[in-house]
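S.K.: take a look and give me a structure for this.
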Amino acid sequence: MCGLAGYLIKTGNLESSKQNIGEMLSLQKHRGPDDSGIVAINSSLNKIEIGDLNFSNPANLILGFNRLSILDLSENGHQPMISSDKSVVLMLNGEIYNAFDFKDDLLDKGCKFKSNSDTEIVLNLYLIYGLELTLQKLNGMFAICIWDSKIKKLYLIRDRFGIKPLYVFEDETRLAFSSEIKSFKALSNFKFELDHKNLDEFLMFRNLINKTLFKNIRNLNQGTYLEISENGNSKEIQYYILNNDGCIEINDSNLETTYSKALERSVQSQMLSDVKLGCQLSGGIDSSIITYFANTFNKQRNLETISILFDNKNFSEESYIDYVAKFLNIQSYKYSLNSDYYFKVFEKATWHFEQPINHPNTIGLFLLSEKAKSHVTVLLSGEGADETLSGYSKFLNYERHPFFSKRFLLNLVQNRKYLVNYLRIYLKKENRIILASSFGNIGLIKEIKSDFNFENAVKERKLILSSFTKKSNLYRKYDIATYLPDLLMRQDKMSMAFSIENRVPFLDNYLVNLALSIEDKYLIKKKRSTLEGKFILKEICSKIFNSRFSYRKKQGFSIPLREFFGSEEFKLLWDTKIKPGVINRKIFKIEPVEKWLININKAENFQIDAIWQIFTFEVWAQQYLDNDRNS
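M.R.: Below you'll find the predicted structure:
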């Protein structure tokens, strides 16, 4: 797990100094504190220069890398990595879990290796098989940059599910890319600008599916690569199509066994590490099962787990965390999150997150990663189980009549001022599916942003939804494509803020394909007259732990926001910094928010959510839109 950065100059003066790339790397040094490297390329002369000196030949392509050493801690794993004939330069952020499966084949074909890193294997796979075949072989999480001087093309590649970020900025003179947006601040004559056209979608869903709130900056779509010529012309090519997954034939009577064995293999493959590895344990069934399998394959018998607790017992799953730790006889580290810490680190966490912090529990992950650093370098987490196995309550709601549910009645109340418009939208099934992942509601958003446009907020999501032709797993695929990427970016940014690599075994290539091959009727079933999602995983969990542990109300990773907003720390921050900023920015109306804050104990939950969005947006805007430099 590392950080990469670089830029291709399309027109204008070529680079002769390492200053800009050096600053780009410095701004994301936390991603890779162990080593760094710079390569300068003059594509017309086919000249590649390595090192930290000024370039003897002006360069139009500059590549830089920060390394967090996980596999092969020696200098042999240094990046950017260059082929022996100096025709190809490659950078890889992430881990390829099946890389060493190909090493014997590559040795038979005459490849020679100087390291035990997965990066060198990927480099040789590219040299032997080319890009398309290589990408079909890779199972892992990655952002990859390849320069091939023989064909004079630059490739930027992102993994199937968007586990690793790869941001692209482009203007008339250059195309730049980086693992983190903040690195673009180092580019000459660069300034962050708000992209107003994306605000409606962000307010509705709290994420933008690979777009950003900045003009001209996007996260490369998952499962795609960008092919860029030396003059900067580019085209995006999709190498993985989610709609094609879900084609494995499974014996229905052996579903639990088949899935359990596949998950076990995934965890085992992701235990590969030359540094200490542990688990992110929330107490929920997903992370508990991952911890169980990880403990099984931990040869050193020193597995450790990291957990976050809350002083408010209504938001705590400490008893389940303790149960797992005792059951497995492992070391469990638990840390409490309180309002003092919350507001103390909020700006720092926002700086690392690079967008308004959309989910309140993000600060919990920030604390977890900070504390984990003193124990481990790699963490396994349970992300991806809910999306692939119908774990969220919205999947249960799809099984019920859309007009006879508590959610529908609540939405009617929340949208009472725009009732006719809301009903017109809700009557369409595609809108109901899309709105199931929303956090805002039309009536509330219009109160704080009068020009909000619903169709603008959902237009891209409608296109994504219509791209899925296999209806049996439509809802899960839609969630994997639209909801999961943002959660993965949250995991990446918060863990990498403290140089922690976060791995997600539920998103193994085969395991996702297998999950999507399981019919919905086997994932959503009744247990003791209660409709349960993620049924197969809960049955597996029951056999490992017990039924009571497995079949309990899903609690999630919640934050007591009402308490935080009622604290003296927040009131001071609001009056001195947030409120003046909101007024001066003139994007949102402050009056309704002020009214809710004054009566915070009587404010409805959806109003609390609106306060959160205004607050987090302003903190982010002051850091990224108002300041020329930040650190």
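S.K.: okay, domains of this structure per the record?
M.R.: For the chain, the domain assignment from automatic domain parsing gives the residue ranges 2-192+214-240, 252-388+482-549, 393-469, 561-624.
S.K.: from one end of the longest one to the other, what's the distance?
M.R.: Just to be clear, that refers to domain 2-192+214-240. The first and final residues of domain 2-192+214-240 sit 23 Å from each other (C-alpha to C-alpha, to the nearest Å).
S.K.: tell me the mean pLDDT for that domain?
M.R.: Domain 2-192+214-240 shows a mean pLDDT of 94 in the predicted model.
S.K.: how about stretch 387-399?
M.R.: In this model, stretch 387-399 carries a mean pLDDT of 88.
S.K.: stretch 532-548 too?
M.R.: On average, stretch 532-548 scores 95.
S.K.: chain center to it: distance?
M.R.: Here stretch 532-548 is found 26 Å from its chain centre; the criterion is C-alpha atoms, centre = their mean, to the nearest Å.
S.K.: and the contacts of that stretch?
M.R.: When contacts are taken as C-beta atoms under 8 Å, 6 or more residues apart in numbering, the neighbours of stretch 532-548 outside the stretch itself are 255-256, 259-260, 263, 285-286, 288-289, 292, 323-324, 327, 385-386, 389-393, 395-396, 518, 522-527, 549-551. Yep, even glycine has a C-beta here, placed from its N, CA and C like the rest.
S.K.: go through those residues and flag which are in strands.
M.R.: In strands, judged by DSSP state E, the following of the contacts of stretch 532-548 are found: Lys525, Lys526, Lys527.
S.K.: pull the number of nearby residues for the second one.
M.R.: Residue neighbour count, defined by other C-beta atoms under 10 Å, stands at 9 for Lys526.
S.K.: show me what it is bridged to.
M.R.: Bridge pairing for Lys526 (DSSP bridges) gives the partners Leu531.
S.K.: look up how far Glu460 lies from it.
M.R.: Between Lys526 and Glu460 the distance, using C-beta to C-beta, to the nearest Å, works out to 36 Å.
S.K.: can you check Asp171 too?
M.R.: Between Asp171 and Glu460 the computed distance is 23 Å (C-beta to C-beta).
S.K.: which one's more surrounded, the two?
M.R.: Shown here are Asp171 and Glu460; by other C-beta under 10 Å, Glu460 has more neighbours (16 against 13).
S.K.: next, the contact list for the more buried one, please.
M.R.: With C-beta under 8 Å, 6+ apart as the criterion, the residues that contact Glu460 are Glu201, Ile209, Lys211.
S.K.: which is the next helix or strand following the one helix or strand it maps to?
M.R.: Assigning secondary structure by DSSP states H and E places Glu460 in helix 454-466. Moving toward the C-terminus from helix 454-466, the next helix or strand (DSSP H and E) is helix 474-482.
S.K.: now Ile590. Nearest residue, chain neighbours left out?
M.R.: If the residues on either side of it in the chain are set aside, Ile590 comes closest to Val582, at 5.2 Å by C-beta to C-beta, 6 or more residues apart in numbering.
S.K.: what's the nearest residue to Phe454 once chain neighbours are set aside sitting at in phi/psi?
M.R.: In space, Phe454 comes closest to Ile442 once its chain neighbours are excluded; the distance is 5.9 Å by C-beta to C-beta, 6+ apart. With angles defined as degrees, to the nearest 10, Ile442 shows backbone torsions of phi -60, psi -50.
S.K.: ok so, going back, quick one, which of the domains of the chain is nearest to Gly246?
M.R.: With C-beta to C-beta as the criterion, Gly246 lies closest to domain 252-388+482-549 of these, at 3.5 Å.
S.K.: any idea how far the closest one is from the chain center?
M.R.: So, by C-alpha atoms, centre = their mean, the centroid of domain 252-388+482-549 is 14 Å from its chain's centroid.
S.K.: what distance separates the start and the end of it?
M.R.: Taking C-alpha to C-alpha, domain 252-388+482-549 runs 25 Å from one end to the other.
S.K.: what's the answer for stretch 415-431, then?
M.R.: Terminal-residue distance, stretch 415-431 (C-alpha to C-alpha): 15 Å.
S.K.: next: stretch 567-577.
M.R.: Across stretch 567-577, first to last residue, C-alpha to C-alpha, it's 16 Å.
S.K.: please apply the same query to stretch 29-44.
M.R.: Terminal-residue distance, stretch 29-44 (C-alpha to C-alpha): 31 Å.
S.K.: ranges for the helices of the stretch 251-400 of the chain?
M.R.: For the stretch 251-400 of the chain, helices defined by DSSP state H, counting those that start in this stretch occupy the ranges 255-269, 285-297, 318-328, 339-353, 362-372, 385-389, 393-398.
S.K.: can I get the last one in CSV, CA atoms only?
M.R.: Think helix 393-398. Taking Å, rounded to 0.1, in the frame of the first residue of the first chain, the C-alpha atoms of helix 393-398 are listed here in CSV:
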residue,chain,number,x,y,z
SER,A,393,-32.2,-3.1,5.6
LYS,A,394,-33.0,-1.6,2.2
PHE,A,395,-32.6,-5.1,0.7
LEU,A,396,-35.4,-6.3,3.0
ASN,A,397,-37.5,-3.3,2.0
TYR,A,398,-37.3,-4.3,-1.6
